[in-house]
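Trainee: following is a predicted model, sequence given first.
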Amino acid sequence: MIDAPRHLAVALPDPESVTASLDRGPRRAADLELVLRAWPGLRVGLEQLDGPGYLIILGEDRGEILVRAQDPLPRRRYTVAHELAHWYLATEISHHSSPDLTCERNTTLERWCEHFAAALLLPRQMLAADAAQIDGGNLSRAVPGLARAYRVSRQALRIRLNEVLGGLPDRFGRFV
Ligand SMILES: [Zn+2]
């Protein structure tokens, strides 16, 4: 458990276990429509936005995630996963539509939501098993292919690989 920000007044659960409990489908690329079926009152819409996206909480079990329409698909998927984390916290953990659950205000929350998004789209065990198939020196070269398989950006994949493996070898096999 992670210490909760004061306004939440509850401890935040481990995002790895929360995302592991969600049905994301058997494929590498998480089926976000399947994940979203757990919350029938939550919709996702595309809009012309300045930022990547945000969550509007309309009621106890109704909400809408707005995603920047002009972003590429991997970025939009990441945004949905991140906003879904805010939704999860608001509806499953804090049980009220706190106006503080916005993206800029609380870095503990933002880190939690980023962790949730990464764990949902790039499950630790699945990614570690993929990485184990690849010779360490070739891992960096495998990034584009893995990013396509998981339908995430290369940057998101690198960050998560770093986290899961505790350091990502560069193309010369050095850990960076
Ligand atoms: Zn956020």
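Mentor: Arrived safely, thanks for sending.
Trainee: run the chain-centre distance for the helix or strand harbouring residue 56.
Mentor: With elements taken from DSSP states H and E, the one containing residue 56 is strand 53-57. Centroid displacement of strand 53-57 relative to its chain, using Cα atoms, centre = their mean, to the nearest Å, is 15 Å.
Trainee: leaving out chain neighbours, which residue sits closest to the residue most central in space within the chain?
Mentor: Central residue of the chain (Cα atoms, centre = their mean): residue 117, 0.7 Å from the mean position. Nearest residue to residue 117, sequence neighbours excluded (Cβ to Cβ, 6 or more residues apart in numbering): residue 81, at 3.7 Å. Every C-beta, even on glycine, is put in place using the N, C-alpha and C of the backbone.
Trainee: gap between the one you found and the ion?
Mentor: 11 Å (Cβ to the ion, to the nearest Å).
Trainee: can you check residue 16 too?
Mentor: 18 Å.
Trainee: go on, residue 154?
Mentor: Counting by Cβ to the ion, the gap from residue 154 to the ion is 21 Å.
Trainee: I figured that residue was touching residue 145, is that so?
Mentor: No: the pair residue 154 / residue 145 is not scored as a contact, 10.1 Å apart, by Cβ atoms under 8 Å.
Trainee: so where do the helices sit in the chain?
Mentor: 15-20, 32-36, 73-88, 107-121, 124-132, 139-150, 154-165 (DSSP state H).
Trainee: for those helices, which one ends up most surrounded?
Mentor: Per residue and on average, the most neighbours among the helices of the chain fall to helix 73-88, with a mean of 23 (mean count of other Cβ atoms under 10 Å).
Trainee: packing partners for that one?
Mentor: helix 32-36, strand 42-47, strand 53-57, strand 63-68, helix 107-121 (3 or more Cβ pairs under 8 Å, 6 or more residues apart in numbering; DSSP states H and E).
Trainee: return the distance of residue 129 relative to residue 28.
Mentor: 11 Å (Cβ to Cβ, to the nearest Å).
Trainee: and residue 137, by the same measure?
Mentor: Per Cβ to Cβ, residue 137 is found 23 Å from residue 28.
Trainee: neighbour-wise, which of the two wins?
Mentor: residue 28 (18 against 13; other Cβ atoms under 10 Å).
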